[in-house]
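1. Could you look at this predicted model? Sequence included:
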Amino acid sequence: MTLRDRRVQYETAGLDRADLHADPVDQFSRWYEDAVAAAVAEPNAFTLSTVDHLGIPNARVVLARGVDVRGITFFTNYTGTKSRELAAGACAAGTFAWLDLHRQVRVRGDVVRLSDAESDEYFASRPRESQLGAWASPQSEVIADRAVLDAHLADARSRFGEASIPRPAFWGGWMLTPTEWEFWQGRPSRLHDRFRYERVGESWVIARLAP
């Protein structure tokens, strides 16, 4: 079957305005719990989109580590491409895709770095091997081969031994604070249900969008 000929019919009950919670974070939490219950792989994964200094977009999958009224938190290397673009643009877009449920959630908004205290707290909760990996990877830099990473990891192991591993100053968290959310539910014949939450003052205005 070619890409052009591949078809999946989305047979779902759909999404009505009455189904939506007034607050998009609460609506997201409902759908996230549904994704967890359905055993969707990596339900906290989302595609983070940024633009570079030329306005050319970049997109990559990252893991959300918190979603609340403040925004969506995730962690990464501050010297890598995504952090440089986040720092320069101060805004981003994200897409959660739960294809098993024929659902996606899109967000757009402002981005700020988390405090050192919040980044320290999360880093301390990571598995030790992941902590070492943060020290070992010069994210987004060109390297000759895998042996470079292996050497950096070995150096980190030797450096810290059995001691606790501190968070590198070049690694930490970001928060994307949405000013817009969109909830998309697949429907037959590509006539999907789409609802947008748009921030107006202290309130959210909900509108149905054509598919």
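-> All right, it came through fine. Numbering: from 1, shown residues only.

2. residue contacts, the nearest residue to Val51 once chain neighbours are set aside?
-> Leaving aside its sequence neighbours, Val51 sits nearest to Pro57 (C-beta to C-beta, 6 or more residues apart in numbering; 5.2 Å). In short, each C-beta sits where N, CA and C put it, glycine included. Residues in contact with Pro57 (C-beta atoms under 8 Å, 6 or more residues apart in numbering) are Ser49, Thr50, Val51.

3. tell me the phi and psi of Pro57?
-> phi -70, psi 150 (degrees, to the nearest 10).

4. before we move on, what about Trp184?
-> Dihedral angles for Trp184 - degrees, to the nearest 10 - are phi -120, psi 130.

5. how near is it to Trp98?
-> Separation of Trp184 from Trp98 (C-beta to C-beta, to the nearest Å) stands at 10 Å.

6. Between these two, which contacts overlap?
-> Joint contacts of Trp184 and Trp98 (C-beta under 8 Å, 6+ apart) are Gln104.

7. The residue nearest to Cys91 when sequence neighbours are not counted - how many residues pack around it?
-> Leaving out its chain neighbours, the residue that sits closest to Cys91 by C-beta to C-beta, 6+ apart is Asp110, at 5.4 Å. Counted with other C-beta atoms under 10 Å, the neighbours of Asp110 add up to 14.

8. Can you name every helix or strand that the one helix or strand Asp110 maps to contacts?
-> Using DSSP states H and E, Asp110 sits in strand 103-113. Judged by 3 or more C-beta pairs under 8 Å, 6 or more residues apart in numbering; DSSP states H and E, strand 103-113 is in contact with helix 24-37, helix 81-89, strand 91-98, strand 171-185.

9. Just give the strands next to that strand in its sheet, each with its orientation.
-> Here strand 103-113 has these sheet partners by DSSP bridges: strand 91-98 (antiparallel), strand 171-185 (antiparallel).

10. how about those in JSON lines, adding distance to Ala13 and mean neighbour count?
-> Output for those, formatted as JSON lines (distance: least, C-beta to C-beta, whole Å; neighbours: other C-beta atoms under 10 Å):
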{"stretch": "strand 91-98", "distance to Ala13": "15", "mean neighbour count": "20"}
{"stretch": "strand 171-185", "distance to Ala13": "9", "mean neighbour count": "21"}
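
11. Phe75: which of those is closest?
-> Among the strands paired with strand 103-113, strand 171-185 comes nearest to Phe75, with 4.7 Å by C-beta to C-beta.

12. in the following helix or strand past that closest one, what's buried?
-> Using DSSP H and E, the helix or strand that follows strand 171-185 in sequence is strand 193-200. Of the residues in strand 193-200, Asp193, Arg194, Phe195, Arg196, Tyr197, Glu198 count as buried by neighbour count, 16 or more other C-beta atoms under 10 Å.
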